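J.: Return atomic coordinates for the entry below.
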Amino acid sequence: MQHYILFETAIGACALIWEGDRIIGAQLPEHDAETARRRLAKRAPDAEENGAPPVFIRAAMAEIVALLSGEPRDLSHLPIDLARVPAFNRKVYEVALAIPPGETLTYGEVARRIGDSGAARAVGVALGRNPFAPIVPCHRILAAGGKTGGFSADGGVETKLKMLTIEKARTSAMPGLFDALPLAARPG
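T.: As a prediction, this is how the structure comes out:
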């Protein structure tokens, strides 16, 4: 039996979907709760809303709330079901899971880490299909030169920038002239 729960975070209502003792999906905020429920119904049509989730889901919710409130949290320990995703995507998600809060990689760097330096576009496609955001932190992966790249969550790149700003993310190891500004306000 699949279940889901919507819960509030600093950037809006997120959701978790689970089956048994594994998280099978996560969802970043939508415009409103009803829109979130419609998207969840498309992703997991058999899932039922559950207002009394098991302990591991309550713990995952608390971790996500803390991360999106600015606390540096590593969510890689959460029990996500990577067996449901294609092998290439799994490799990409495993690299993404290793990126600490506040740090970023580029699509090309992820491609090199999975052993296929020419696969930057495929990495972007895999991240666009990430069923576990923000647990698998696809928002921490940027285009070359520190550009934002795409983001398929509601709000698009604005949501990605908001999440990176919350994490005080750096796009390079070198200090920058505009580091004190939030990412969304920095000159392009």
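J.: and Arg170, how many residues sit next to it?
T.: 16 (other Cβ atoms under 10 Å). C-beta coordinates here come from the backbone N, C-alpha and C atoms, glycine included.
J.: dump the residue contacts of Phe56.
T.: Contact analysis of Phe56 by Cβ atoms under 8 Å, 6 or more residues apart in numbering lists 18, 21, 79.
J.: Just the ones of these in strands?
T.: Trp18 (DSSP state E).
J.: Distance to Ala111 added to the contacts of Phe56, as JSON lines?
T.: Formatted as JSON lines, the contacts of Phe56 follow (distance: Cβ to Cβ, whole Å):
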{"residue": "Trp18", "distance to Ala111": "31"}
{"residue": "Asp21", "distance to Ala111": "32"}
{"residue": "Pro79", "distance to Ala111": "27"}
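J.: ChimeraX command to pick out the buried ones of the contacts of Phe56?
T.: If you want just the buried ones from the contacts of Phe56 in ChimeraX, going by 16 or more other Cβ atoms under 10 Å, the selection is:
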select :18
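J.: Which of the contacts of Phe56 sits closest to Ser117?
T.: Pro79 (31.5 Å; Cβ to Cβ).
J.: Quick check: chain neighbours aside, which residue is closest to the closest one?
T.: Using Cβ to Cβ, 6 or more residues apart in numbering and skipping the chain neighbours, the partner closest in space to Pro79 is Arg22 (5.2 Å).
J.: My guess is that neighbour contacts Asp81. True?
T.: Yes. Counting by Cβ atoms under 8 Å, Arg22 touches Asp81, with 4.1 Å between them.
J.: which outside residues touch stretch 127-134?
T.: For stretch 127-134, using Cβ under 8 Å, 6+ apart, the contacting residues are 14, 23-28, 43, 64, 67-68, 75, 80, 84-85, 89, 92-93, 96, 107, 136, 138-139, 141, 150, 152-153, 163.
J.: Would you show me how to pick out the buried ones of the residues you listed in ChimeraX?
T.: Remark: buried members of the contacts of stretch 127-134, expressed as a ChimeraX selection using 16+ other Cβ under 10 Å:
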select :14,23,24,25,26,27,28,64,67,68,75,80,85,89,92,93,96,107,136,138,139,141,153,163
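J.: Please narrow the contacts of stretch 127-134 to those residing in helices.
T.: 43, 64, 67, 89, 92-93, 96, 107, 163 (DSSP state H).
J.: Quick one: those residues as TSV, columns for distance to Phe56 too.
T.: Formatted as TSV, the ones in helices among the contacts of stretch 127-134 follow (distance: Cβ to Cβ, whole Å):
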residue	distance to Phe56
Arg43	20
Ile64	13
Leu67	17
Asn89	23
Val92	24
Tyr93	19
Ala96	21
Tyr107	32
Met163	23
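J.: Dump those residues into JSON lines; add pLDDT as well.
T.: As requested, the ones in helices among the contacts of stretch 127-134 are arranged in JSON lines below (pLDDT from 0 to 100):
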{"residue": "Arg43", "pLDDT": "90"}
{"residue": "Ile64", "pLDDT": "96"}
{"residue": "Leu67", "pLDDT": "95"}
{"residue": "Asn89", "pLDDT": "98"}
{"residue": "Val92", "pLDDT": "98"}
{"residue": "Tyr93", "pLDDT": "98"}
{"residue": "Ala96", "pLDDT": "98"}
{"residue": "Tyr107", "pLDDT": "96"}
{"residue": "Met163", "pLDDT": "91"}
